[in-house]
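> here you go, sequence then predicted model.
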Amino acid sequence: MGSYPRQLTFDTLTQERLISYLVDELQKHRAERQGAIDDLMQAQADYWAKPTQERRTFPFTGAANVIIPLTAIAYETIHARSITTLFAIQPFTSVKARRADFEKFEKPLENYFQYELTNNVKIYRPINDILAELEKFGTGIGKSGYEKIIRKAIRPSPDGLREEEFPVVTKDGATLDPVPNANFIMPHYAKDPQTAPWCGEYHAAPPYQVMLHEYSGLFKPGIYKALEGYYTQNTTQGQNSERRYERKLEELENRKSIWPNLVDWKEIWLCFDVDNDRQEEEIVIHFHEEARLIMAAFYNWHDDLHRPYRYGNYIIVENRWRGIGICKQNEQFQRSITTQHRQRLDNATIANMRMFKIHRLAGYGPKEPIFPGKMWFLEDMSHIESFEMGDVRQSAFLDEQNTLVYSQMRTGVNEVVMGMPATGTPGTATGDLARIREGQQKFDYIMKNEKVLIGDLLLDVFCNIHQFGPKNISYFDWAEGGQEVRQLMSQLPTSALREGLLFEIGAAGVQQNRVLDRQNWVQIAGILQQYYTGTGQLIQMIGNPQLMTEFVKTALSGSTEAVRQILESFDVRNVDRMTLAAVVKLLGGGNGNGGGGPRALLGPGGNQGPAGYGEAPGMDALTQALAGVGGNGAP
C-alpha cells in the first residue's frame, strides 16, 4: 500500500507571499472566466431542450412551445458509438512490447491492467464523463492521481470486555477522475496545463469528507478544526461562477437543493520558489481562498514533473487548447429549426382554426352551441359565414428540411449513421455503403482524438500504480501470469514505463481487437504458406544445401510465430506446447534483437523499482527471463 508524500512547511514570509500570489491570480481568473461559464450553461440548456415558458401567449395563447433537440440527437448518437467501440473490446488496454524478449509480458500486463481498471479504478464511469464533455463542449479533461481513504472502525475486543478503535483502509491506489470544464481553472492566455504558470480545479465537499482527507494524510493536521466556521455557505456563495453552473444544471433537472454545509477549496499545480533560492520548484497546493489557508502542500511527486491534467478535443481548433463540440456545431441550427418548426405548427393551427362571422341581427349570441347537423334559421343567408385566418405553406417544411441538412453536414450525424430508413426515394445498397464509408472518416477522426486522450490517462494510471504500489498484491499469486507482472513491476523504474522505452500502452481499438487479429492472422498464414511454398521450390532449383537449411529455419520460425499469434487470439493457454517452438529453438531460430539487454534499461545497480509488490525474483532471474530463448541480446 502507498501513502501520500510528505507535507511541505513554509516560513511565514514565504507562506504570505504564496497566499498573496494565489489570491491575486484566482481573482483575475474569476473575472475572465464568466463568459466561458455562460457558454457552458447555454450548451447544457441546448442539450436539455427545456422550454423557457410552460405556456406561450404569442402569437396566440397555447402557441407551439416545442424545442427540436438537434444537439441531443447528435451527441447521443456519437457518444453511444464511442463508448461501444471502446468498451466492446476486452481487455480495454493494449500493451505492445518494443523488444521481442519483452513480448512474454504483453498478455499478463494487459490482464493485470484490466483487473486494476475494472476493480480498483472503476474506469467505465470516469471515461464516460470525460468523453461526454469532450463531445458536448469540444474539450474533455481528466486526471490520474493517488487517493487514500482511512475510516475509523470500532469493534469489540477479543475478550469482549471493551471496544477497540482501529483504522480501516477503504481506498488506496491510483485514481482516474473526470474534471468538469466548469471546475477546471487555468489562465486564459495559457495554451497547455503542462506549461501554464499554474492550473488546477475547484473542489467542494461536506465536512465529513474533509475530516477523512485529514485523517488519511492528504490535509495537514488541524485543517478540519481550522475550517469549522467556513462550512456553512452564505446565500451569495451560490452566485459565483462555480455555483452558477451547478445551479443551472439543477434548474434543468428540476432538483434545486438547499445548499448543504460544504467547504470549497482549490487544488493548484504551480511553479513557485519555496526555498528562496531564486529557482522555482513544481509544487501542488490545496488552498482555501476565503480563509487564506493552505490545507496541504507537496512537491510534485511525478518523476517527470508532469501535472496530472490531460485534455482532448472533439474538433481541434488550430493553436488553441480548447476545441469545438457538438453543442457549438448545432447552436445556430437548433435555434433556426426550432423557430421554423414552431412557425409551421402555429401556421397549421391557425389555418385549421375555423371561425364564424355573424350579423348582429341574426339572433345568435356568443354562447351559441355548435355541433354537426345544427340548423341555422336566418332572416338573410349572409348573416352567418365561416372563415379561416391563414393557409398552410408547403415551403415552410422544405425550409426546415434544408436547415436540417446543414446541421447533418456539420455534425456528420444523419439517418444512415443512426440506422434509420432514408427519407424520400430509397437509394441503392451500394450507395448506402459508400455513404457509410465516407461518413466513417469523421467518426474515425473523433475516435483518434479520444483514444489519444485515453492513452495519456492510461499511461498516467499505470505509472501511478507502479509508483504507489498495487492495492492487492495477492493478485500476483492467484492470477495467471501474475508472477511475470510482479517480476517486471518490482524491478523496472517508473521512468522506463513513462517514457515508453519498454511498452506502448493505449486504449485498445479496432487494430487491437482480438477478433480482428484472429481474422488477419488467418489470412496472413495463408499468404505465408504460398510464399514459403513458392520460395522453397525456387531454392530447390538452385540446389544449394546451405541456402536450403537457412530457408527451413526461417520458414519454420515464421510459420510457428503465425500459429502462435492465431492461438493467442483465441486466448489459448500453453501455446508453446502446441507449436514447434522447441524445434525452432534447436535450429537456432531465436528472436534476440541485440542491444544492451534488460540490464542496460534498468540502470546502474539494478535501479530497483518501487516497493510494495512482495518478494520478486532477483536481478539475475529477471535478466535471464528477458533474454529470450536463443536470444543474442546479452545482458
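Done, it's in.

> so residue 525 sits right up against residue 562, yeah?
Yes: Residue 525 sits in contact with residue 562 when judged by CB atoms under 8 Å, with a separation of 4.7 Å. Bear in mind the C-beta positions are built from the backbone N, C-alpha and C, glycine included.

> neighbour count winner among those two?
Neighbours per residue (other CB atoms under 10 Å) separate residue 525 from residue 562, with residue 562 holding more: 19 against 15.

> make sure the more buried one is indeed in a helix.
Yes: counting by DSSP: H, G, I helix; E, B strand; the rest coil, residue 562 is found in a helix.

> what is the least confident helix or strand in this structure?
Across the helices and strands of the chain, mean confidence by mean pLDDT, DSSP states H and E is lowest for helix 597-602: a mean of 41.

> can you count the residues close to residue 53?
A count of neighbours around residue 53, defined by other CB under 10 Å, yields 9.

> burial count for the residue nearest to it when sequence neighbours are not counted?
In space, residue 53 comes closest to residue 65 once its chain neighbours are excluded; the distance is 6.6 Å by CB to CB, 6 or more residues apart in numbering. Using other CB under 10 Å, residue 65 has 13 other residues around it.

> hmm, who's touching the host helix or strand of residue 107?
Remark: residue 107 resides in helix 106-115, with elements defined by DSSP states H and E. Applying CB atoms under 8 Å, 6 or more residues apart in numbering, the external contacts of helix 106-115 come out as 90-97, 458, 462, 475, 479-482, 484-485, 488, 503, 505, 568.

> switch the cut-off to 10 Å
Helix 106-115 is contacted from outside by 90-97, 102, 105, 121, 123, 458, 461-462, 465, 470, 472, 475-476, 479-489, 502-503, 505, 508, 512, 568, 571, using CB atoms under 10 Å, 6 or more residues apart in numbering.

> filter those down to just the ones in strands.
Of the positions in the contacts of helix 106-115, 93, 94, 95, 96, 97, 503, 505 sit in strands, assigned by DSSP state E.

> the first one against residue 451, yeah?
No: Residue 93 sits out of contact with residue 451 when judged by CB atoms under 10 Å, with a separation of 11.1 Å.

> now for those two: what residues contact both?
Residues touching both residue 93 and residue 451 by CB under 10 Å, 6+ apart: 458, 506, 507, 508.

> can you give me the distance of the second one to residue 455?
Between residue 506 and residue 455 the distance, using CB to CB, to the nearest Å, works out to 4 Å.

> and for these two, which residues touch both?
Contact with both residue 506 and residue 455 is made by residues 93, 94, according to CB under 10 Å, 6+ apart.

> circling back: which members of the ones in strands among the contacts of helix 106-115 are classed as buried?
93, 94, 95, 503, 505 (16 or more other CB atoms under 10 Å).

> just curious, which of those residues is nearest to residue 136?
Proximity of these to residue 136, judged by CB to CB, is greatest for residue 93, which lies at 25.5 Å.

> where does this protein dip in pLDDT?
Filtered on pLDDT under 70, the chain yields the residue ranges 1-2, 232-242, 259-260, 389-395, 422-429, 432, 509-518, 569, 571-573, 588-635.

> next secondary structure element downstream of the helix or strand containing residue 247?
Element membership of residue 247 [criterion: DSSP H and E] is helix 241-253. Toward the C-terminus, helix 241-253 is succeeded by strand 263-272 as the next helix or strand (DSSP H and E).

> buried sites along that following strand?
Per 16+ other CB under 10 Å, strand 263-272 contains these buried residues: 263, 264, 265, 266, 267, 268, 269, 270, 272.

> same question for stretch 442-449.
Neighbour counts using 16+ other CB under 10 Å place 443, 446, 447, 449 of stretch 442-449 among the buried residues.

> likewise for stretch 521-536?
Within stretch 521-536, the residues that count as buried by 16+ other CB under 10 Å are 521, 528, 532.

> before we move on, what about stretch 55-70?
The neighbour-count criterion (16+ other CB under 10 Å) identifies 56, 63, 64, 67, 68, 69, 70 as the buried residues of stretch 55-70.

> repeat for stretch 321-330
The neighbour-count criterion (16+ other CB under 10 Å) identifies 322, 323, 324, 325, 326, 327, 328, 329, 330 as the buried residues of stretch 321-330.

> cool, stretch 182-194 as well?
Going through stretch 182-194 with 16+ other CB under 10 Å, the ones that come out buried are 182, 183, 184, 185, 186, 193.

> which ones are touching the first one?
Residues counted as contacts of residue 182 (CB under 10 Å, 6+ apart) are 33, 36-37, 40-41, 44, 133, 137, 201-202, 241-246, 248-249.

> quick one: it is in a strand?
No: when the secondary structure is assigned by three-state DSSP, residue 182 falls in coil instead of a strand.

> which parts of the stretch 351-500 of the chain are helices?
For the stretch 351-500 of the chain, applying DSSP state H, counting those that start in this stretch gives helices covering 395-411, 429-468, 475-478, 482-489, 494-498.

> what comes into contact with the helix holding residue 247?
When contacts are defined by CB under 10 Å, 6+ apart, helix 241-253 is touched by residues 29-31, 33-34, 36-38, 40-42, 44-45, 47-50, 180-183, 185, 202-204, 233, 236-239, 255-257, 259, 262, 264, 266.

> and that helix with strand 263-272, angle?
Angle of helix 241-253 versus strand 263-272, following axes from the mean of the first three to the mean of the last three CA atoms, to 10 degrees, is 130 degrees.

> just the CA atoms of helix 241-253, as CSV, please.
Coordinates of each C-alpha in helix 241-253 appear next as CSV, following Å, rounded to 0.1, in the frame of the first residue of the first chain:
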residue,chain,number,x,y,z
SER,A,241,-19.0,31.1,-11.3
GLU,A,242,-18.6,27.7,-9.7
ARG,A,243,-22.1,27.7,-8.2
ARG,A,244,-23.9,29.3,-11.2
TYR,A,245,-23.1,26.3,-13.4
GLU,A,246,-24.2,23.8,-10.8
ARG,A,247,-27.4,25.8,-10.2
LYS,A,248,-28.2,25.8,-13.9
LEU,A,249,-27.9,22.0,-14.0
GLU,A,250,-30.2,21.7,-11.0
GLU,A,251,-32.7,24.0,-12.7
LEU,A,252,-32.7,21.9,-15.8
GLU,A,253,-33.1,18.7,-13.8
